[in-house]
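>>> predicted coordinates and the sequence they were generated for:
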Amino acid sequence: MDVLGQGLVLMLAGMGIVFTFLAVLILTTNVSMKGIARFDHILPQDASKKKPAPKANDDENIALAIAVALRG
């Protein structure tokens with residue numbers, strides 16, 4: 001029964017350490033997000049104004065796959 005008690009104490013201590021670590025991690029992440037947001041005007045992450053390249057249709061992809069298969 002003594003070993004069971006030690007195991008229970010060890011389990012609770014481990015869970016407490018993990019819980020504390022995760023709480024500190026969340027707190028640190030939130031604080032750093034607020035700190036970084038203050039400097040967001042220096043390097044904004046706006047999307048580029050370029051139009052995306054047109055996508056090839058399925059027929060072109062199939063023809064390309066056949067051409068590659070016949071060459072190899």
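That came in fine, so what should we check first? Numbering: from 1, shown residues only.
>>> which helices and strands does the helix or strand where residue 6 lies pack with?
Assigned by DSSP states H and E, residue 6 belongs to helix 2-37. Taking 3 or more CB pairs under 8 Å, 6 or more residues apart in numbering; DSSP states H and E as contact, there are no helices or strands that helix 2-37 lies on. C-beta here means a position set from N, CA and C on the backbone, and glycine is covered the same way.
>>> immediately after it, which helix or strand?
Counting by DSSP H and E, what follows helix 2-37 is helix 58-71.
>>> then that next one to CSV, C-alphas only?
What follows is helix 58-71, C-alpha atoms only, in CSV (Å, rounded to 0.1, in the frame of the first residue of the first chain):
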residue,chain,number,x,y,z
ASP,A,58,-7.7,18.4,-65.9
ASP,A,59,-7.3,17.6,-69.6
GLU,A,60,-3.9,19.4,-69.6
ASN,A,61,-2.8,17.5,-66.5
ILE,A,62,-3.9,14.2,-68.0
ALA,A,63,-2.0,14.9,-71.3
LEU,A,64,1.1,15.9,-69.3
ALA,A,65,0.9,12.6,-67.3
ILE,A,66,0.6,10.5,-70.5
ALA,A,67,3.5,12.3,-72.1
VAL,A,68,5.7,11.8,-69.1
ALA,A,69,4.7,8.1,-68.9
LEU,A,70,5.5,7.5,-72.5
ARG,A,71,8.9,9.1,-72.2
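>>> distance of the residue lying farthest from the centre of the chain relative to residue 36?
Farthest-out residue of the chain from its mean C-alpha position, per CA atoms, centre = their mean: residue 1, at 44.1 Å. Note on residue 1: its distance to residue 36, by CB to CB, to the nearest Å, is 52 Å.
>>> do the same with residue 4
Residue 4 is 48 Å from residue 36, where distance means CB to CB.
>>> again with residue 30
11 Å.
>>> equivalent analysis for residue 18, please.
Relative to residue 36, residue 18 is positioned 26 Å away (CB to CB).
>>> ok, residue 67 next?
Taking CB to CB, one finds residue 67 at 49 Å from residue 36.
>>> let me know the pLDDT of the residue farthest from the centre of the chain.
Predicted confidence (pLDDT) for residue 1: 83.
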